[in-house]
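Student: return atomic coordinates for the entry below.
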Amino acid sequence: MADDGENVPDLKHQAEEIRRFLEMKMAKGQIWCLIDSKWFRNFKHYVGLDTTWTPHGGKKHPGPIDNKNLFENGDLNGELKDHMVDELDYVLLPESAWQLLEQWYGLSPNQKPIKKEVVESGVFVKHCKVEVYLLKFNLCKDFDIKTQYTHKFSKALTIRSMEKLIREHYGIPKDTEARLWSCFSPNASNELTNPDSTIQDEGLFQDQVIVIDTRSANGEWHRPTKWLSYPSELLSNMTANSAASKMVTRRTIGDGSVNNEAESSSSSMYTSTQPGLCGLCNIGNTCFMNSVIQCMSNCPPITQYFLNGDHYEELNETNPLGMRGEIAKAFGELIKSLWSGTSTYTVPHHFKLQVGKFAPQFSGYQQQDSQELLTFLLDGLHEDLNRIKKKPYIEFKDSDSRPDLEVSKESWENYQKRNNSIIVDVFHGLLKSTVICPDCSKVSITFDPFCYLSLPLPQSRNKYIDVTFMPYNPPAKPWLYKVALPKKGKVQDLLDDVSRMCDVNAENLILAEVTKHHFRTVFSREDSLDHVDERDILYVYELPVRDNTDYHVIPVCHWEWHPESNHNLSQLFGVPFFVVVPRTNCTFAKLYETIIARLTHYINHVDNKNITMDSEDSPMSGSENNADSYKDYLKMGLFTVYNIDPSSSNAVRKLHNDGQAISFPEEFDQQYLALQWTVDNRNKYFNNLADTRHERLRTSKPSSVLQLSDCMELYTTCEKLGADDAWFCPVCKKHQQATKKFDLWSLPDILIIHLKRFSYNRYKREKIDRVVEFPIMGLDMSDYVIGKDEKSTIYDLIGVCNHYGGMGGGHYTAYAQNKLDRKWYCFDDSHVSAVFPDTIVSNAAYVLFYMRRKTPVRAMDVH
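Tutor: As a prediction, the model looks like this:
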């Protein structure tokens, strides 16, 4: 429970206290707590901590802390939702900060802190992070499937501690000799021999099969060999729980259709197949990694280099900027596996382990950005294979009005004195950067290498929001509208649009977000649309009154009652709604009659004309009264009415038909009414189809298709630098918001183009889903290259990394052209299928791989 007002500091002090915690650094062993990000945003707005909110519309109390939305199906006793993202779905705060917030605001019913420990992540490069998700392992004893059970472990747990827990579960005495095996591929297991290494060190992954093998009385092990095959039942269980065996979504680009096809990863891994057409098992949200590997694997110069074993001759294991050669060796082994022609799929376990050692941000099993992994991989491979063993010091020289040709040649030669690898040979080009001081007109020209182009996408000034209009008077049905609004607009703008489309008074409309069948947020008209996320489930409700002090506007939810639930509100269902009743002299009979009138659209076997309201006591005009019909429903007892107050010790209060006027609170801030239906009554009388939303009108045309040339033009456009990235002028001796322009001077053999679909800030993350048209054959870059390079500027597409879905989750796949048969294939984790080239261009395209025509490639030895 929250303290009373006397013990709660003022808003300014609350903001100062929590700001201090937000600046706190994590330390190993600390306990941090998860808080729903929307609740926390409302709190920051309330106390003035969040400067991104507009000051209009007042400061609404955030209410008790409610973390229900962080759990699957809102079940507080269940599991956390998968694929949640820090600051997008939840906020992490030290336990002491949580305790303050709980003291000030209290908790919603049946809730408790979601506590997580801070652990060290990474092997060579350590950093602290909160372990939001534990790893789930499938455990068994002596390779006997009948002994199997699942358990969750921290990645920071040592193998010794894990063995102790497993021994305790199976009742294995301390003096019984035992050993642990990790079964990470369909044909082999590996013994875990270092008791002091951690689960993270060993690279164990989600749904890993771990076997404790005990030595029998006669001294024999159940599996005596170091590398062994294990029972097919274990494999079936492991793959049944892995992403590789779950339903694979195959998307047909162009018509937007989606076909589902089951793909079992327990099918023969060792089936002969064409080299290069080998899938990669998803070992725990690793589709982002798999898509990058498949695109890189289908870059012929790179594949040829690793298949021929050239990387062994160029390993630079002493480079302080490298990864001791481990990334290059692991990648090389993976390429050989993909092109062996002996497997339909393989498990990138060792490669994932090596990446996690040197880049802790990729060590867990949460979804990551494929382009960020690609950046790490290109840099890691370059440094591991850098032919320069001792990098000389190079003094930077200003261009000093020298000819571009001279400066560019000097810059590239200096770069190659420190950087010379297969990655530079294949992926690196040269950018010309021109910066002009606004005060003294000093011109600075530099030439900088690049290994990919990050192209901005021209953004629409509008945001597109789906809202469902809920009319007050039955039998009108709900309608779905797609509204185009200015991004910097207000909720009032949205209500005005809906008002025009529905021919209702905007003053009688309110906007609400619905989550888990209850109202999460009721927006103020002056709220910025920054408060509204396109992913939210939004309803615009019509009310018969607005700002009328004579009536109460009461939120109502449907609640299915189970005898064993003990007032568990997780059984909410349907779409919540509002009823309007007089503030004074409103009896239970009047309330029930009003609710029945609002529900005629949702109740089966009802003649809408028979259920109306008394115009004398109601703001609804023109209605007819049929008291007999109402009394029939009252006798039927369709539902019981409860008043729910999450902030009160008496959270659930039943309302009685005693003829007395109901005492309502002055404002329904956190309170609402719940209609408790029995299972029988819900099944018999409630019409679930009534919630169907009908698409009625689109207020704007679909966003226009962009051309890749549009993105290139924007990339090479002159822009003014912001205050945060001001340029230091050597003449003025101060930082200036200069103008800056990029031009392409020379291009690499493999041109990687990253479409910047994602935008990030501390409070909001967005994805641009517009289609960017790009050529499959014959991308002509001659209009953008200003250097005098005699190489061809015509490129053909060889790979695409796709991202489906929204921020913080979604799914990655890859399209790639096989070098041997020149056909296109879709790589969807372990599933590989042929596709037509005309299906490749879509709004999911994220990273494009182009190869220069006439790029020399040696024959590949795929055996």
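
Student: quick one, domains of this structure?
Tutor: Listed by automatic domain parsing, the domain ranges of the chain are 5-130, 135-241, 462-698.

Student: got the phi and psi for Phe137?
Tutor: As for Phe137, its main-chain torsions (degrees, to the nearest 10) stand at phi -110, psi 150.

Student: what about stretch 336-345, distance to the chain center?
Tutor: Centroid displacement of stretch 336-345 relative to its chain, using C-alpha atoms, centre = their mean, to the nearest Å, is 31 Å.

Student: actually, stretch 681-688.
Tutor: In this view, stretch 681-688 has its centroid 36 Å away from the chain centroid, taken as C-alpha atoms, centre = their mean.

Student: what residues of that stretch count as buried?
Tutor: Across stretch 681-688, burial judged by 16 or more other C-beta atoms under 10 Å covers 681-682, 685-686. C-beta here means a position set from N, CA and C on the backbone, and glycine is covered the same way.

Student: could you dump the domains of the chain to TSV with mean pLDDT and distance to Tyr452?
Tutor: Shown next, in TSV, are the domains of the chain (pLDDT from 0 to 100; distance: least, C-beta to C-beta, whole Å):
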stretch	mean pLDDT	distance to Tyr452
domain 5-130	82	23
domain 135-241	78	28
domain 462-698	76	28
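
Student: can you lay out these as CSV showing distance to Asn818?
Tutor: As requested, the domains of the chain are exported to CSV (distance: least, C-beta to C-beta, whole Å):
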stretch, distance to Asn818
domain 5-130, 31
domain 135-241, 24
domain 462-698, 37
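
Student: ok, which of the ones you listed comes nearest Gly380?
Tutor: Of all those, the one in closest proximity to Gly380, counting by C-beta to C-beta, is domain 5-130 (12.0 Å).

Student: centre of the chain to that closest one, how far?
Tutor: Offset of domain 5-130 from its chain centre (C-alpha atoms, centre = their mean): 19 Å.

Student: the strands in the stretch 251-400 of the chain, which residues?
Tutor: Secondary structure of the stretch 251-400 of the chain (DSSP state E, counting those that start in this stretch): strands located at 258-261, 279-280, 345-346.

Student: still on that earlier bit, and which of the buried residues of stretch 681-688 is nearest Met501?
Tutor: Closest to Met501, out of all of the buried residues of stretch 681-688 and judged by C-beta to C-beta, is Phe686, at 28.7 Å.

Student: which residues sit in contact with that closest one?
Tutor: 558, 574, 602-604, 677 (C-beta atoms under 8 Å, 6 or more residues apart in numbering).

Student: just give the number of residues close to Glu513.
Tutor: The local packing of Glu513 (other C-beta atoms under 10 Å) involves 17 other residues.

Student: what kind of secondary structure is it in?
Tutor: Classification of Glu513 by DSSP: H, G, I helix; E, B strand; the rest coil places it in strand.

Student: do the same with Leu755
Tutor: strand.

Student: ok, now how distant is it from Asp369?
Tutor: 13 Å (C-beta to C-beta, to the nearest Å).

Student: of those two, which one has the most company?
Tutor: Counting neighbours by other C-beta under 10 Å for Leu755 and for Asp369 shows that Leu755 has the greater number, 25 against 16.

Student: quick one: contacts for that one?
Tutor: By C-beta under 8 Å, 6+ apart, the contact set of Leu755 is 455, 457, 711, 772, 845-848.

Student: ranking by neighbours, what's the top pick from these?
Tutor: Within those, Leu848 tops the neighbour count with 27 neighbours, counted by other C-beta under 10 Å.

Student: secondary structure element for that one, which one?
Tutor: Assigned by DSSP states H and E, Leu848 falls within strand 845-852.

Student: got the CA positions of that strand in PDB?
Tutor: In PDB, the C-alpha atoms belonging to strand 845-852 read as follows (Å, rounded to 0.1, in the frame of the first residue of the first chain):
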ATOM      1  CA  ALA A 845      14.400  -5.300 -46.700                       C
ATOM      2  CA  TYR A 846      17.000  -4.000 -44.200                       C
ATOM      3  CA  VAL A 847      20.500  -4.600 -45.400                       C
ATOM      4  CA  LEU A 848      21.300  -5.000 -49.200                       C
ATOM      5  CA  PHE A 849      24.400  -6.800 -50.500                       C
ATOM      6  CA  TYR A 850      25.500  -5.800 -54.100                       C
ATOM      7  CA  MET A 851      28.500  -7.200 -56.100                       C
ATOM      8  CA  ARG A 852      30.200  -5.200 -58.800                       C
END
